[in-house]
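S.K.: dropping a prediction and its sequence here:
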Amino acid sequence: MEVIDATNLVLGRMATAVAKKAMLGEQIAVVNCEKAIVTGTKPRILATYKPRRERGYALKGPFYPRMPDRIVRRTIRGMLPYKQYRGKIAYKNVMCYIGIPKELKDKKLETIKGASSEGLTCKFMKLAELSRLLGAKV
C-alpha cells in the first residue's frame, strides 16, 4: 500500500497522479487531506464549489461532500471511469483520511513531485477552510 501525504499538494494534480496509480492496480491511502490546496481566489473557488453543494434535493441528490477527505475522494473519482468495472475496482483501492490514522503511522509517507505547491505564485485556499465554508465541522 502506498501512503501519499497531501500536505501542500495541489488538489487536481494530486488527484490525477493518484487516479493513474489506482488504474494500475495499486492500493493508495491519501492522508492529511485537509492540508491539500485548491488554487484560485477565494470568491472563484466558492463560486465553483457552492453550486455543486447546493444542487439537487436533500432526499434525492445529487450529493456533493463537505468534508475534506470526501472532497478529495470525489475529485479522484472524477478522474476514473468509475461506471466501468475496471474503474470501480480502481476507486475501491483509493482511501482518503483526515490526519494520519493509527494503522498508517509507521508507514513511509510519499509525496507527488509534480503536484507540490513550491514556487506557486497564484492565490490558493486550504481544503480545510473550503470545507468550513461549505458547512463542515472540521
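M.R.: Thanks, I have it.
S.K.: tell me the contacts of the residue nearest the centre of the chain?
M.R.: Centroid check for the chain by Cα atoms, centre = their mean gives Val72 as the closest residue, at 1.5 Å. Applying Cβ atoms under 8 Å, 6 or more residues apart in numbering to Val72 gives the contacts Ala6, Leu11, Met14, Ala15, Val30, Cys33, Ala36, Cys96, Leu127. C-beta: built from backbone N, CA, C; applies to glycine.
S.K.: kindly indicate whether the fifth one is helix, strand or coil.
M.R.: Remark: Val30 carries the secondary structure label strand [criterion: DSSP: H, G, I helix; E, B strand; the rest coil].
S.K.: show me the helices in this structure, by range?
M.R.: 11-23, 42-54, 68-77, 85-92, 127-134 (DSSP state H).
S.K.: farthest residue from the center of this protein?
M.R.: Leu59 (24.6 Å).
S.K.: sheet partners, orientation included, of the least confident helix or strand in the chain by mean pLDDT?
M.R.: Across the helices and strands of the chain, mean pLDDT, DSSP states H and E gives its lowest value to strand 109-110, namely a mean of 90. Note on strand 109-110: by DSSP bridges, its sheet partners are strand 2-5 (parallel).
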